[in-house]
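J.: Next comes the sequence, and after it the predicted model I'd like to discuss.
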Amino acid sequence: MEQMTKAIDSLRIEHITKRFPGVLACDDVSLEMKRGEILALVGENGAGKTTLMNILMGLYYPDEGKLFINDKEVHFKSPNDAFAYGIGMVHQQYMLVPNMTVLENIALGYKQAWKGLRLDLQSVRKRVKEVAKQYGLVVDPDSYIWQLSVGEQQRVELVKTLCLGAKFLILDEPTSALTPQETDDLIALLRNMSEELSIVFISHKLQEVKDLSSKVAILRHGKVVFQGNTIDHSSSDIAALMTGHEVVLPHNDAPACTLGPMLQLRNLKVRSDRGHLALDDLSLYVCKGEIVGLAGVSGNGQRELAEAINGLRKVESGQILFDGEDIANHTPAHVISSGMGYIPEERNTEGIVPAFSMKENFILKDSESPLFSSHAFLKKKEIDQTAERLRKEFDIRSPNTDVAAGSLSGGNIQKVILAREISRNPKFLIAVYPTRGLDMGAAEFIHKQLLHLRNEGVGILLISEELEEITNLSDQVAVIFKGKIQKVIPSSEASRRRLGILMAGVKDDEEI
Amino acid sequence: MNFVINILSLGIPFSVALLIASLGEMFNQRAGIFNLGCEGMMAMGAFLGMLVPYSIGQGADVPGIYNYLGLLLASGVGALLGLFFGLVVVTFRAPQGIAGIGMQMFGVGTAGTLFRHFVGGTQSIPGINTAPIPGLSNIPILGPLFFNHNPLVYVAFLLVPLSWYVLFKTPWGLRVRAVGTQPRAADSIGIQVNRVRFQALALGGALAGLAGAYLSLCQAKMFSDEIIAGRGFIAVALVYFGHWHPVKIMGGALLFTLAQALQLAIQGLGIDFPYEFLVMLPYLLVIIVLAFSKKSLLMGPTALGKPFNREMRT
Amino acid sequence: MTKRFKTGYRIGVIILAIITAMLLGAIILWAIGADVFKTYLVILTEPLKNKIGITEVLLRTVPLTIIALGITVAYRSGIINIGAEGQMAIGILATTAIALAFPNLPRGVLIPFAILAGAVGGAAWGFIPGALKAKLEVSELLSTVMLNYIAAQLYTFFLRGPMLDPAELTMGSGTPQSMRLSRNLDLTRFIRGTRIHSGLFIAIALAVIIFFLLWKTSYGFKMRAAGASERAARYGGIHVPKYLIIAMMISGAFAGIAGSIEIAGVHRRAIEGVTSGYGFSGIVVALFGGLHPAGIVPAAFFFGLLIYGADMTQRLVGVPANMVQVLQGVIILVIVATKMIIANPYLMQRVEARWNALFAGKSSSKEVEA
């Protein structure tokens, strides 16, 4: 990408269609953007936003449609072509090489530094300084990426894109891993930059859309259902257009914690893969028949917590009392047989064996139980019957129970996992991001099931990023920050603003 | 003392094949691919290396140019085999472990078949002889140890700083490292991941072929089915616990040849120790080192072994 | 995705593998000036022309089947066993040791005892890489290969030393081999004039056992889960390291049994070169047979045919026996290259859709919504 890329006065997408096997990701999408505008591209998970932007970046080829820059048609065969026109993207998962320095990461794309057999890092350093001055983005060029925090890494991504000459910036869910305060900083920065660049950002957080964008376009199931100026519409208008129907998520109204504690976490210390303390003296308890929602920015110990409780990670010190018994550092098999249910974060790699059939996945945890085997031989009839029953009960859409679980859609896979866990009659359930990436219909189903379990006396620890999901379902909301529980507050007192402040690490939230 | 120096100076050339093959494999692994077929490529290299001088001279002395042509042919075909392997594991994204075994069988089988047909038996050749560096080779102790070897030994040890430079100081090396650690990042910035991997495989294959040719032209001065004796596999292991760094890899190569040199020493001293247990030593050493080395990929190619597919929606 | 399509696809892959191997092999045959057509004809048909030929092929089918079964157990449990050569060698040493130590035990006792010893020896040699992977994360690809070389040296050591035939010492040519083992160890040769022995039935019995183990028992279920998705299996309460080790021990035991049977049925003494190639050929057989006993038995026959046929080509058409290794290598490469396509459900769906459109005019499969 040259520094002398021409400014992009207008960018037009006309009738873009993109198909993946079994999915129509983009359906006849047309959009227009002018210089100096900030466009928010809004839609639910799976609406086609990222695919559309990847097409703009030259990473995917559209099946139909055209792109126009400054009224000239362009064809992108690879990201290099997009760069040449000055289009740059900051992806949701940062595209940085962890064991190289900031300079080296930028040098990967900064072709001026490629002087045959010599890598000219000095010229990269100069360019970084220029960009830092122009836009006020400060980064340490010699630090390794793995040493940087999430917010700092994002800044590196921005610097990288600008060093490579971007005049048109695409940001994919830029605030998904930031605290509310870091989000505010980013929004101020982007507003500043919009004087020289055009910006498109993808988000499903309506508050940001209102704060930052000048124009908004809404995608649903790959189609543009709406385009317009942001100021003309309220958040609720936009939300309604996003989902397409009046969605009333089930609400938790019943009284709680009258039956005594089921799961007690006391002073837990657990290490992360990197070696630092992911859980730092964490204490929390959940009662029978109660849902405790754990709110927090992803990366504050949620994963390690779920793993530690289920015996998948070592507990350095502390206790995990499950129905009175300390299960810390026991095997996963022991925890499972004590009555613990678990809906893991990654449904495809942790929840199911994708190559196994649906019915084999149903008995994954019970292959040795007398229900399904006698003298080590599997009981085919019982397994088939149970599988068929669960398929109907949980409305899992598939021709039969022999299909490979990995070929099911996300929502159906989650239902398989849910069916398996619930049919084992657990005493307690840990649900980690249970509705991530699912459409409203599937989410509604899962929420209903969770509430039903709760009313049956099962305790539930709900770990989620969706504040609305947490406040709707939970009796109590606990906020986790840097491996500790900041505070536990009743759901009725958990406003978005209060949760945001607690999630950022501030303890004294009452006064604000 | 003289005895020790003799043993060591005999031992250092033993490390050359391992060193060259490991450096080649280092580029493969840095780009994200581990090539168990290295052994097969070395076998082909060994055969082709000696084929050229043999076809000209039938075992008699030949002008040196033919030996070097043999080296060239070995490297060239090695590079081609590397590209062939790339077709299987990069284009078709086959699992690298088993594919490597297939490659090994192919290479060893082809080398054996062609050898039996064109040469046969236990034919030996004069090969490449030592080329003492004038002046330096007369320095006491250091002279015989470092400067009295055949030219390829010097080349091999020069390859160490050379590969360090290529890997860490050139744009291509930067691309290789990116592609093996975070291919998505490289792809998103416009680098053709698969092309870089093919390039690394070609280089790795060429070096493997060269290493094999060294064995037949300089060390054993003949070819046989057992000539590689697992060195290709040891090279793959070496790269792993040399943490993909040329200097550590060199250290590892020297360590293993020390084990072999020990065999010479014990025989030379006339100690009665079962021959077979001495031969076992290097292989045992590999297992022991593998068992106790740190398995962290943190500073190395974290994408090692994983095929790259841009259209895979994670 | 219909089952019919899947089986059709698998058969297609096998045929493609054979054709590609023959094409690439043809290049090499051309390079050495051999008659390509005649060579393949010899390999594939010559052995089947008479009783002795067929039984010789069956003879090789026996160890190939048993080893491939063991490799299948390991592979399906998530661990690749390249160490069958070494495990077989250790199994032979164990069997020979028992036969030398207890030559006078009655047949009904000696044979099972000796084969059991072979199994234990092989299992021990398989335990090492299994434990190294389970406890220390050492790649089994590397450890098993190293153990092959170590076992080979141990084998030579014993055959030149403690187990050397006393007759060789006094007047022999120094061939490293044991003495002729007790006749009580001999497996019956049931067709007069040929070498085929009752080990064949043991092999078939083992195939049936493995089928039941892997697909009909809870242990097999857990092992397959661990091999299909190690993470999900762990989350499902399956103790993956334990099953890795068990799988490697079974795999090693089978290789050891194969060795015992070769000694008891064919050679009747421990000699050099018994294992040659069987360990690696076993891998090809396992893959070619689709990692399933029903496929492995015919695959083993096919490769027995290839191996014996290749022995004949040296004599009849002047093509070195090493050609077999070339063919095996290419077959592995083709199978793994195309198997990846099977593993990708999206791509398979696309291939199926195009196939249907081409030949049956059906519409492509619809995405199933939750």
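T.: Sure, I can see it.
J.: ok, and the helix or strand in chain C with the lowest average confidence?
T.: Each helix and strand of chain C was given a mean pLDDT (mean pLDDT, DSSP states H and E); the minimum falls on helix C:345-359 at a mean of 64.
J.: I figured B:Ala261 hits B:Leu8, correct?
T.: Yes. Between B:Ala261 and B:Leu8 a contact is recorded at 6.6 Å, counting by CB atoms under 8 Å. Every residue, glycine included, has its C-beta placed from N, CA and C.
J.: Which residue of chain A lies farthest from its centroid?
T.: Ranked by distance from the centre of chain A (CA atoms, centre = their mean), the top residue is A:His375, with 43.8 Å.
J.: Tell me the helix or strand right after the least confident helix or strand in chain B by mean pLDDT.
T.: Across the helices and strands of chain B, mean confidence by mean pLDDT, DSSP H and E is lowest for helix B:142-146: a mean of 72. Using DSSP states H and E, the next helix or strand after helix B:142-146 towards the C-terminus is helix B:151-169.
J.: What are the neighbouring residues in contact with the residue nearest to A:Gln112 when sequence neighbours are not counted?
T.: In space, and not counting its chain neighbours, A:Gln112 is closest to A:Ser123: 6.0 Å by CB to CB, 6 or more residues apart in numbering or on different chains. Going by CB atoms under 8 Å, 6 or more residues apart in numbering or on different chains, A:Ser123 touches A:110, A:112-113.
J.: Now do A:Ser123 against A:Asn54, distance only.
T.: As for A:Ser123, its distance to A:Asn54 is 30 Å (criterion: CB to CB, to the nearest Å).
J.: likewise A:Ser367?
T.: On the measure of CB to CB, A:Ser367 and A:Asn54 end up 41 Å apart.
J.: ok, now A:Leu502?
T.: Taking CB to CB, one finds A:Leu502 at 35 Å from A:Asn54.
J.: and if you look at C:Gly122?
T.: From C:Gly122 to A:Asn54 the distance is 52 Å (CB to CB).
J.: now A:Leu282
T.: Between A:Leu282 and A:Asn54 the computed distance is 39 Å (CB to CB).
J.: Same question for B:Gly70.
T.: As for B:Gly70, its distance to A:Asn54 is 50 Å (criterion: CB to CB).
J.: between the two, which one's more packed in?
T.: For B:Gly70 versus A:Asn54, neighbours defined as other CB atoms under 10 Å in any protein chain shown are more numerous around B:Gly70 (29 against 23).
J.: Now do the contacts for the residue nearest to that one when sequence neighbours are not counted.
T.: Excluding the flanking residues, the one nearest B:Gly70 by CB to CB, 6+ apart is B:Val52, at 3.7 Å. Listed by CB under 8 Å, 6+ apart, the contact set of B:Val52 reads B:66-67, B:69-70, B:73.
J.: Among these, which are located in helices?
T.: Members of these lying in helices (criterion: DSSP state H): B:66-67, B:69-70, B:73.
J.: which among these gets closest to A:Leu178?
T.: Nearest to A:Leu178 out of the ones in helices among the contacts of B:Val52 is B:Leu73 (CB to CB; 58.2 Å).
J.: Am I right that that closest one is in contact with B:Pro53?
T.: No. With contacts counted by CB under 8 Å, B:Leu73 stays clear of B:Pro53, the gap being 10.7 Å.
J.: More neighbours: which of these two?
T.: Per other CB under 10 Å, whichever of B:Leu73 and B:Pro53 has more neighbours is B:Pro53, with 27 against 19.
J.: So the more buried one sits against B:Val62, correct?
T.: Yes. Using CB under 8 Å, B:Pro53 is in contact with B:Val62, at 4.8 Å.
J.: intersection of neighbour lists for these two?
T.: Between them, B:Pro53 and B:Val62 share these contacting residues under CB under 8 Å, 6+ apart: B:Pro126.
J.: and the closest residue in space to B:Gln182 that isn't next to it in sequence, how many neighbours does it have?
T.: Distance criterion CB to CB, 6+ apart; nearest residue to B:Gln182, sequence neighbours excluded, is A:Val97 at 4.3 Å. Using other CB under 10 Å, the number of residues around A:Val97 comes to 26.
J.: So if we follow the domain assignment, how does chain C break up?
T.: Under the assignment automatic domain parsing, the domains of chain C span C:10-32+C:320-355, C:48-314.
J.: export those to a markdown table and tack on mean neighbour count?
T.: A markdown table is the format used below for the domains of chain C (neighbours: other CB atoms under 10 Å in any protein chain shown):
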| stretch | mean neighbour count |
| --- | --- |
| domain C:10-32+C:320-355 | 19 |
| domain C:48-314 | 22 |
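J.: Poorly predicted segments of the stretch 201-350 of chain C, please.
T.: C:340-350 (pLDDT under 70).
J.: What ranges does it have for its helices?
T.: Counting by DSSP state H, counting those that start in this stretch, one finds helices in the stretch 201-350 of chain C at the ranges C:218-228, C:230-235, C:240-261, C:278-288, C:293-316, C:323-343, C:345-359.
J.: Is it possible to get a markdown table of the ones you listed that adds distance to A:Leu158?
T.: Formatted as a markdown table, the helices of the stretch 201-350 of chain C follow (distance: least, CB to CB, whole Å):
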| stretch | distance to A:Leu158 |
| --- | --- |
| helix C:218-228 | 41 |
| helix C:230-235 | 34 |
| helix C:240-261 | 42 |
| helix C:278-288 | 48 |
| helix C:293-316 | 55 |
| helix C:323-343 | 37 |
| helix C:345-359 | 33 |
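J.: out of those helices, which comes closest to chain B?
T.: Distance to chain B, taken as CB to the nearest CB, is lowest for helix C:323-343 among those, at 2.9 Å.
J.: The closest one and chain B in contact?
T.: Yes. Residues of helix C:323-343 contacting chain B under CB under 8 Å from any CB of the partner chain: C:323-333, C:336-341.
J.: ok, back up a step: my guess is the residue nearest to B:Gln182 contacts B:Ala185. True?
T.: Yes. Between A:Val97 and B:Ala185 there is a contact at 5.3 Å, judged by CB under 8 Å.
J.: Need the overlap of contacts for these two.
T.: By CB under 8 Å, 6+ apart, A:Val97 and B:Ala185 have these common neighbours: A:105, A:108, B:178.
J.: Tell me the one among the residues you listed nearest to chain C.
T.: Set against chain C, the nearest of the shared contacts of A:Val97 and B:Ala185 by CB to the nearest CB is B:Ala178 (23.9 Å).
J.: what's the helix or strand hosting the closest one packed up against?
T.: Assessed by DSSP H and E, B:Ala178 sits inside helix B:171-181. Helix B:171-181 sits against helix A:102-107, strand A:118-119, helix B:14-30, helix B:151-169, helix B:183-188, helix B:193-214, with contacts defined as 3 or more CB pairs under 8 Å, 6 or more residues apart in numbering or on different chains; DSSP states H and E.
J.: Which one of these lies nearest to C:Tyr243?
T.: Nearest of the helices and strands packed on helix B:171-181 (CB to CB): helix B:14-30, 28.8 Å.
J.: Whether the closest one contacts chain A - can you check?
T.: No. For helix B:14-30, no contact with chain A is found by CB under 8 Å from any CB; the gap never falls below 11.2 Å.
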